[in-house]
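Novice: Mind folding the following:
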Amino acid sequence: MPVHTRRDGPVSWVVIDREGKGNSLDYEHARLLAEAVRGECGAPGTSVVAIRGAGDRFFSTGVDLESVASIGGPGDSWRLMYEGLGGVCRAVAECPKPVVAAVNGHAIGIGFELLHAADIAVAVRWAKLGTPAVRWGMVPPATPTVAPWLIGYKRAAYLVLTGDTITAEEAARQGIVNFVVDSVEELEAKVVEVAERIAANDPWAVRMARELLREARPHAMLQRGLLALVYSAARPETVERARGFVESRRRRGAGGG
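Specialist: Now for the predicted structure:
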């Protein structure tokens, strides 16, 4: 299964299992991820929902550029970006239980955007994080809307306008990541530790506190960000860049230069 779940004590794990494609998301895999998150958010006995990628290289490298390359107009863009990727963001934001981003590798594009939607983030030390959307002609939904509130305007502005990546340690210094660990095993252990601390508290109080935290976020701005993503992904310039990248990758795979 490209998205699967498992239970570990108080933690419900939701795993993006597309390691061969950098755990990237097209419409179908985004839909499956959102569905899995919603299911685990309602699971009895679960105190925390944790999202991670398969393997030890990628949390998620973002939207599958082959999907962007196949966009034929605004309808395709709406389905992929608003319904697909936006659906994942909404599933995380609307979860009545705390959501942890377990960053087991590089978190790029929508992978990075998910960190802004999650309540807590734990990352392996070798992870690179960032949103290079502007390089492809797209506008990321959360970094220019939610991130200024979370980490400050100038930090968010640098990340979104340059498209640069940062290290896990720098992400921790900026308040994007709570904990940095040295291995995937330590990552999972830290998530379970955090979940056990949350599970030890009164469930009603945790749920209400999480609801207040969610309401404090600028959801209207995130909605605008998603609409900007839909519009920008449908631009001919964006689709052409994605097609050029996909074709270049295919040539390299076939032994071309």
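Novice: all contacts plus neighbour counts: C-alpha atoms, from now on.
Specialist: Noted.
Novice: Counting neighbours, show which residues of the longest helix anywhere in the chain come out buried.
Specialist: Scanning the chain for the longest helix, with DSSP state H as the assignment, gives helix 236-253. Buried residues in helix 236-253, counting neighbours by 16 or more other CA atoms under 10 Å, are found at 238-243, 245-246.
Novice: so what does it touch, helix or strand wise?
Specialist: Contacts defined by 3 or more CA pairs under 8 Å, 6 or more residues apart in numbering; DSSP states H and E place helix 236-253 against helix 65-69.
Novice: From the buried residues of helix 236-253, pick the one nearest Pro74.
Specialist: Proximity of these to Pro74 was ranked by CA to CA; the top entry is Val239 with 11.6 Å.
Novice: Tell me how far the residue nearest to that closest one when sequence neighbours are not counted lies from Asp17.
Specialist: Among residues not flanking Val239 along the chain, Ala69 sits closest, at 5.0 Å (CA to CA, 6 or more residues apart in numbering). Separation of Ala69 from Asp17 (CA to CA, to the nearest Å): 22 Å.
Novice: before we move on, what about Ala101?
Specialist: Applying CA to CA, the value for Ala101 to Asp17 is 15 Å.
Novice: Look at these two and report which has more neighbours.
Specialist: Ranked by neighbour count (other CA atoms under 10 Å), Ala101 and Asp17 place Ala101 first, with 26 against 21.
Novice: Would you mind checking the average pLDDT for the helix or strand hosting the more buried one?
Specialist: Assignment of secondary structure by DSSP states H and E places Ala101 within strand 99-103. For strand 99-103, mean pLDDT is 98.
Novice: which residues make contact with that strand from outside it?
Specialist: With CA atoms under 8 Å, 6 or more residues apart in numbering as the test, strand 99-103 has contacts from 48-53, 58-59, 92, 114-115, 118-124, 127, 187-188, 191.
Novice: what do you get for stretch 57-70?
Specialist: Outside stretch 57-70, the residues that touch it by CA under 8 Å, 6+ apart are 16, 19, 21-27, 52-53, 77, 80, 85, 102-112, 127, 233, 238-243, 245-246.
Novice: which stretches of the chain form strands?
Specialist: Taking DSSP state E as the test, the strands found in the chain are 3-8, 11-16, 48-53, 58-60, 99-103, 106-108, 120-124, 128-130, 165-167, 179-181.
Novice: Any buried residues in stretch 22-42, and which?
Specialist: 22-27, 29-41.
Novice: what's the distance between that stretch and the middle of its chain?
Specialist: 10 Å (CA atoms, centre = their mean, to the nearest Å).
Novice: any idea how far Val239 is from Thr167?
Specialist: 29 Å.
Novice: Please disregard the earlier target; I meant Pro44.
Specialist: To Thr167, Pro44 is 36 Å away according to CA to CA.
Novice: which one of these two has more residues nearby?
Specialist: A direct count of neighbours by other CA under 10 Å for Pro44 and Thr167 places Thr167 higher, at 17 against 8.
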